[in-house]
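Peer 1: One predicted model, sequence on top.
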Amino acid sequence: SVLVEQRGNVAIITLNRPDKLNSFNEVQHAALRAALDRCADDEACRAIILTGAGRGFCAGQDLSDRDPAMLGEAPDLGRTLETFYNPLVRQLRALPKPVVCAVNGVAAGAGANIALACDIVLAARSAKFIQAFSKIGLVPDSGGTWFLTRHLGEARAKALALTGDALSAETAAEWGLIWRAVDDAVLMEEALAIAGRLADGPTHAYGLIKQAIQAASGNTLDAQLDLERDLQREAGRSDDYREGVSAFLEKRPPRFTGL
Ligand code: LHQ
């Protein structure tokens, strides 16, 4: 249910249940988590692209999955989140390598919020982001209430979550929810260009940059200055820092190893 293709130092991970708009069942959860783990551990993997097969990116939970834990007499959806969705969101955020999400089509429910958990989100102009949860009597999950509120503010976050209305890729980009909307035909080309560039970059520093930016909105300036000091101390001891400065002084492009 997940395809993994290695292109140079970029791993392309494709959610692959197109007849169900790549919605998640347990098998797809396990396959995605394993693919992300493998890339985290593999020095040859220095950037990831997450995308979907077919016309959609991901429609969230597979609602046709007859798992009694989800539709029985007393379902415990909190447990489903704790077991599957929350660890996935935490894994994407903690992964010390950049994750580019190429949203190729509709991203609904948890599918939208998993996209937003990635580091750089590119979307095809035809793609839509839908907080579909309220339409089935649920609450946005997988970080949705956090990402929407942080990126958009309460007014837009609440309206999107309460109405479940679709947000176009273009508006999502204008509002600062995602990085860019691009023409459908060039989505993968653009995603590969960004991921390829990042895969040639100072991977260790990128991991630290993720940490710093993710910590920022929960920190005071004082605490953030301390964190930057600690992370910069670490970055300053990397091979790539030495290489970056040498290359600058020698007026040549750097050859980063990620170490
Ligand atoms: C689907 C799905 C789907 C199964 C399309 N499941 N088949 C966490 C904790 C525990 C439990 C609950 O959930 C969660 C997190 C969540 O993600 S809750 C939110 C779950 N997702 C949704 O509510 C979205 C449901 N889907 C839709 O509203 C529409 O399909 C969208 C707006 C995504 C796309 O609409 P269309 O482009 O018109 O496509 P479609 O509806 O015709 O779907 C195409 C096929 O995919 C269709 O199958 P069929 O056999 O009729 O061709 C759909 O049944 C199937 N599909 N989403 N989530």
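Peer 2: That came in fine, so what should we check first? Numbering: from 1, shown residues only.

Peer 1: contacting residues around Gly105?
Peer 2: Residues in contact with Gly105 (CB atoms under 8 Å, 6 or more residues apart in numbering) are 21, 52, 54-57, 124, 126-127. Heads up, the C-betas are built off the backbone N, CA and C, glycines and all.

Peer 1: Now with 7 Å, please.
Peer 2: Taking CB atoms under 7 Å, 6 or more residues apart in numbering, we find Gly105 in contact with 52, 55-57, 124, 126-127.

Peer 1: For Lys128, give the beta-bridge partners.
Peer 2: Beta-bridge pairing of Lys128 under DSSP bridges involves Ser168.

Peer 1: quick one, strands of the stretch 151-259 of the chain?
Peer 2: According to DSSP state E, counting those that start in this stretch, the stretch 151-259 of the chain carries its strands in the segments 166-168, 180-182.

Peer 1: which secondary element of this structure has the worst mean pLDDT?
Peer 2: helix 68-71 (a mean of 70; mean pLDDT, DSSP states H and E).

Peer 1: list the buried ones in whichever helix or strand comes after that one?
Peer 2: Once the chain leaves helix 68-71, the next helix or strand it forms, by DSSP states H and E, is helix 77-80. For helix 77-80, a neighbour-count test (16 or more other CB atoms under 10 Å) marks Thr80 as buried.

Peer 1: Return the list of helices and strands in contact with helix 77-80.
Peer 2: Helix 77-80 is packed against helix 68-71, with contacts defined by 3 or more CB pairs under 7 Å, 6 or more residues apart in numbering; DSSP states H and E.

Peer 1: my guess is His52 meets Asn22, correct?
Peer 2: Quick fix: residue 52 is Gly, not His. Yes: if you go by CB atoms under 7 Å, Gly52 and Asn22 touch, sitting 4.4 Å apart.

Peer 1: who touches both of those two?
Peer 2: Residues touching both Gly52 and Asn22 by CB under 7 Å, 6+ apart: 15, 58.

Peer 1: ok so, going back, would you list the strands of the stretch 151-259 of the chain in TSV and tack on mean neighbour count?
Peer 2: What follows is the strands of the stretch 151-259 of the chain, written out as TSV (neighbours: other CB atoms under 10 Å):
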stretch	mean neighbour count
strand 166-168	18
strand 180-182	19
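
Peer 1: Of all those, which one is nearest the ligand?
Peer 2: strand 166-168 (7.2 Å; CB to the nearest ligand atom).

Peer 1: Report the spatially nearest residue to Ala173, omitting neighbours in sequence.
Peer 2: The shortest distance from Ala173 to any non-neighbouring residue, by CB to CB, 6 or more residues apart in numbering, is to Ala181 (4.4 Å).
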